[in-house]
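In: Okay, structure incoming, though there's no sequence with it:
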């Protein structure tokens with residue numbers, strides 16, 4: 001063995017570092033803090049309780065404002081579509097928009113929009129820090145906008161308020177940015193569960209649109225928050241599905257094909273919905289007045305449309321129930337598919353405050369029902385059930401517009417209790433998702449922040465470096481010099497080598513590891529210094545086990561602001577080499593190159609040639625035995 005070289009395979013056995021590590025209380029591996037997870041989970045439950053109360057309060061305020069605005073009373077069903085104001089009803093949404101505009105101007109610009117994109121932006125750009133004023137400004141402004149006839153759902157404001165509450169708690173307490181993101185997502189997801197009573201769909205909403213990860217540290221708190229929100233829904237609202245409908249039968253294969261066709265059509269409609277909303281927003285920006293007036297102008301247009309189609313006003317959850325139950329005439333279905341679409345897109349584009357899930361469900365459900373009627377008329381043996389067509393239209397619309405595929409499928413089942421709809425929902429939502437993904441770069445959730453230059457993750461893959469162990473990349477060899485060697489002699493020895501040297505390992509006379517030097521520090525050293533050992537500093541560098549992942553190594557490198565780590569064997573705790581930044585980057589490059597490889601693992605050509613050769617051999621054997 002050459003004394004001047006060292007690698008993980010040739011380094012002589014040396015004394016272990018474990019006594020020194022124990023003395024300094026150093027642990028190479030970074031453990032997960034499960035006590036922190038318990039604390040965050042308890043906070044998530046508390047946030048879920050508060051958000052449930054916020055949901056109930058918001059629904060009450062919306063009904064109260066609706067009754068006062070359209071009926072002049074304090075009690076009633078809170079349904080603006082039955083008002084008798086006539087042409088005067090046109091101005092009610094405009095007045096509501098004016099009040100919201102003033103709240104935006106004097107309160108916070110953060111109350112604009114439907115909540116989810118704003119939460120996404122804060123997660124991606126501002127360490128999940130949302131202005132605490134949103135906690136009360138968002139529900140109040142949304143209640144005014146919706147209560148005066150705005151064509152929005154109450155779920156968006158509750159989701160935004162829950163997210164703001166979670167973020168505010170995270171800003172008050174001493175927690176990390178990642179934990180604050182978890183609390184923000186937990187509050188938002190709990191808001192959806194509290195409104196719709198759909199805890200599983202709410203968990204997937206957080207994963208697909210807010211968290212951008214899937215791990216126990218985030219899943220557990222969010223699941224507990226969603227369970228709490230759903231319990232609040234059952235206690236404060238109802239334990240029954242929010243959109244009851246007749247039981248649907250299991251779909252035939254032919255019907256599944258037609259439901260997929262409906263999903264494709266809804267996918268193109270979801271693209272149109274996004275384009276129309278932001279086309280409307282761009283038009284408002286061209287109006288030469290302050291943006292605080294935009295909600296009032298949008299509200300006036302909403303009022304005009306509501307005059308001709310009163311069912312387009314307000315939350316309209318009853319519209320979804322009627323669509324799924326088949327209690328609407330053809331003209332009403334058509335007006336919800338078109339005029340509700342137009343009213344919602346213009347109002348949202350004006351920058352007012354309100355939710356977008358319920359409008360998407362209404363528009364998609366009505367369109368799905370219209371497509372089901374068309375298919376049954378011209379293809380009577382297709383086996384398409386109209387309630388099912390409406391349900392998959394509702395779900396596919398959200399899947400295409402938001403690309404929250406799993407959320408859309410699970411929500412439809414949870415909100416209606418129709419487990420037989422699973423396959424049709426999967427077929428239609430996948431088709432809609434496919435169309436949206438291939439024909440639209442952004443979604444209704446990401447277009448606004450994309451225009452600001454914020455990139456939203458599209459995949460939630462585990463970190464590639466978690467799959468690689470330190471031992472797999474510890475291949476570099478380094479010169480090995482003794483601590484008693486003279487500086488001048490060491491410089492001459494290194495000058496004679498033709499290899500690219502980054503570091504030099506220093507040992508004692510018996511070959512036991514003492515530390516390492518950067519080659520530059522050796523070249524710049526004063527030759528009057530007698531020995532190499534005098535150049536060693538910080539000999540207590542935190543080592544890492546060879547079976548640790550590269551992501552753990554990177555954490556230590558970043559925390560200690562180092563470029564290299566000593567590596568010890570997991571078996572006997574002996575020093576076996578050095579891990580450098582170059583090792584990590586090389587490993588990462590290999591992983592990236594693997595994603596670009598398209599070589600088949602099985603060669604059909606080779607197998608064909610082997611089969612021919614085997615056949616020829618059998619033929620020759622057969623001839624020999626004749």
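Out: Received the coordinates, thanks. In this text, all values refer to a predicted model and were calculated from it rather than measured experimentally.

In: all strands of the stretch 501-626 of the chain, in order?
Out: Secondary structure of the stretch 501-626 of the chain (DSSP state E, counting those that start in this stretch): strands located at 503-507, 513-518, 544-545, 564-568, 575-580.

In: Could you look up the next helix or strand downstream of the host helix or strand of residue 146?
Out: For residue 146, the enclosing helix or strand under DSSP states H and E is helix 134-147. Following helix 134-147 in sequence order, the next helix or strand is helix 155-172 (DSSP H and E).

In: elements contacting that following helix?
Out: helix 34-71, helix 116-125, helix 134-147, helix 177-196, helix 357-378 (3 or more Cβ pairs under 8 Å, 6 or more residues apart in numbering; DSSP states H and E). Yep, even glycine has a C-beta here, placed from its N, CA and C like the rest.

In: buried stuff in the first one?
Out: Within helix 34-71, the residues that count as buried by 16 or more other Cβ atoms under 10 Å are 37, 40-41, 43-52, 54-56, 58-59, 61-67, 69-71.

In: quick revisit: for the helices and strands packed on helix 155-172, which one sits closest to residue 473?
Out: Proximity of the helices and strands packed on helix 155-172 to residue 473 was assessed by Cβ to Cβ; the nearest stretch is helix 177-196, lying at 26.5 Å.

In: Now do that closest one against helix 116-125, angle only.
Out: Counting by axes from the mean of the first three to the mean of the last three Cα atoms, to 10 degrees, helix 177-196 points 170 degrees away from the direction of helix 116-125.

In: between helix 177-196 and helix 357-378, how many degrees?
Out: Counting by the same axes, to 10 degrees, helix 177-196 lies at 50 degrees to helix 357-378.

In: Show me what helix 177-196 is packed up against.
Out: Where contact means 3+ Cβ pairs under 8 Å, 6+ apart, helix 177-196 is packed against helix 34-71, helix 116-125, helix 155-172, helix 199-206, helix 216-236, helix 405-416.

In: Columns mean pLDDT and distance to residue 328 on top of these, output as JSON lines?
Out: Output for the helices and strands packed on helix 177-196, formatted as JSON lines (pLDDT from 0 to 100; distance: least, Cβ to Cβ, whole Å):
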{"stretch": "helix 34-71", "mean pLDDT": "91", "distance to residue 328": "21"}
{"stretch": "helix 116-125", "mean pLDDT": "79", "distance to residue 328": "29"}
{"stretch": "helix 155-172", "mean pLDDT": "88", "distance to residue 328": "22"}
{"stretch": "helix 199-206", "mean pLDDT": "93", "distance to residue 328": "25"}
{"stretch": "helix 216-236", "mean pLDDT": "93", "distance to residue 328": "26"}
{"stretch": "helix 405-416", "mean pLDDT": "94", "distance to residue 328": "17"}
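
In: looking at those, which is closest to residue 257?
Out: Distances from residue 257 to each of these were compared using Cβ to Cβ; the shortest belongs to helix 405-416, at 18.1 Å.

In: So what angle separates the directions of the closest one and helix 199-206?
Out: In terms of direction (the same axes, to 10 degrees), helix 405-416 departs from helix 199-206 by 150 degrees.

In: which other helices and strands contact helix 405-416?
Out: Applying 3+ Cβ pairs under 8 Å, 6+ apart, one finds that helix 405-416 contacts helix 177-196, helix 199-206, helix 386-402, helix 422-439.

In: In JSON lines: those, plus mean neighbour count and distance to residue 610.
Out: As requested, the helices and strands packed on helix 405-416 are exported to JSON lines (neighbours: other Cβ atoms under 10 Å; distance: least, Cβ to Cβ, whole Å):
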{"stretch": "helix 177-196", "mean neighbour count": "30", "distance to residue 610": "53"}
{"stretch": "helix 199-206", "mean neighbour count": "26", "distance to residue 610": "48"}
{"stretch": "helix 386-402", "mean neighbour count": "30", "distance to residue 610": "47"}
{"stretch": "helix 422-439", "mean neighbour count": "22", "distance to residue 610": "39"}
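
In: Residue 490: which of those is closest?
Out: Evaluated over those, closeness to residue 490 peaks at helix 177-196, with 45.1 Å, by Cβ to Cβ.

In: Tell me what angle the closest one forms with helix 134-147.
Out: Inter-element angle recorded for helix 177-196 and helix 134-147: 30 degrees (by the same axes, to 10 degrees).

In: Spatially nearest residue to residue 116 (excluding sequence neighbours)?
Out: Setting aside the residues directly before and after it, residue 116 is nearest to residue 445 in space (Cβ to Cβ, 6 or more residues apart in numbering), at 5.4 Å.

In: Would you mind giving me the confidence score for that neighbour?
Out: Reading off the per-residue confidence, residue 445 sits at a pLDDT of 85.

In: so it is in which element?
Out: Secondary structure (DSSP H and E) places residue 445 outside all helices and strands.

In: Would you check that it makes contact with residue 117?
Out: Yes. With contacts counted by Cβ atoms under 8 Å, residue 445 reaches residue 117, the gap being 5.4 Å.

In: do you know how far the residue most central in space within the chain is from residue 182?
Out: Of all residues in the chain, the one closest to the mean position by Cα atoms, centre = their mean is residue 212, 3.1 Å from it. When distances are taken as Cβ to Cβ, to the nearest Å, residue 212 and residue 182 turn out to be 12 Å apart.

In: start to end distance for stretch 569-585?
Out: Between the opening and closing residues of stretch 569-585 there is a gap of 22 Å (Cα to Cα, to the nearest Å).

In: quick one: low-confidence parts of the stretch 401-550 of the chain?
Out: Across the stretch 401-550 of the chain, the stretches falling below the confidence threshold (pLDDT under 70) are 458-465, 475-477, 488-489, 491, 493-502, 517-530, 533-534, 536-542.

In: switch to 90 and redo it
Out: Within the stretch 401-550 of the chain, the stretches with pLDDT under 90 are 403, 417, 419, 440-550.

In: The closest residue to residue 121 other than its chain neighbours: helix or strand, and which one exactly?
Out: Leaving out its chain neighbours, the residue that sits closest to residue 121 by Cβ to Cβ, 6+ apart is residue 449, at 4.5 Å. Mapping residue 449 onto the secondary structure by DSSP H and E places it in helix 447-450.

In: Check the offset of that helix from the chain's centre.
Out: Computed by Cα atoms, centre = their mean, to the nearest Å, the chain-centroid distance of helix 447-450 equals 15 Å.

In: Show me which positions of it end up buried.
Out: Using 16+ other Cβ under 10 Å as the test for burial, helix 447-450 gives 447, 448, 449.

In: Of the residues you listed, which is the nearest to residue 95?
Out: Nearest to residue 95 out of the buried residues of helix 447-450 is residue 448 (Cβ to Cβ; 26.2 Å).

In: quick one: contacts for the residue lying closest to the closest one once chain neighbours are set aside?
Out: What sits nearest to residue 448 in space, not counting adjacent residues and going by Cβ to Cβ, 6+ apart, is residue 117, at 4.8 Å. Residues in contact with residue 117, defined by Cβ atoms under 8 Å, 6 or more residues apart in numbering, are 445, 446, 447, 448, 449.

In: I'd like to know how many residues surround the second one.
Out: Using other Cβ atoms under 10 Å as the criterion, residue 446 is surrounded by 23 other residues.

In: And for the first one?
Out: Residue 445 sits with 23 neighbouring residues when counted by other Cβ under 10 Å.

In: Residue 153 bridge partners, please.
Out: Judged by DSSP bridges, the bridge partners of residue 153 are residue 355.

In: what's near enough to touch it?
Out: 146, 315, 316, 317, 354, 355, 356, 357, 358, 359, 361.

In: Would you check how far apart it and residue 62 are?
Out: Here the distance between residue 153 and residue 62 works out to 10 Å (Cβ to Cβ).

In: sorry, back to before: let me know the closest of the buried residues of helix 447-450 to residue 583.
Out: Taking Cβ to Cβ as the measure, residue 583 sits nearest to residue 449 out of the buried residues of helix 447-450, at 36.2 Å.

In: Could you give the backbone dihedrals for the nearest residue to residue 446 once chain neighbours are set aside?
Out: Leaving aside its sequence neighbours, residue 446 sits nearest to residue 456 (Cβ to Cβ, 6+ apart; 4.7 Å). Per-residue torsions, residue 456: phi -100, psi 130 (degrees, to the nearest 10).
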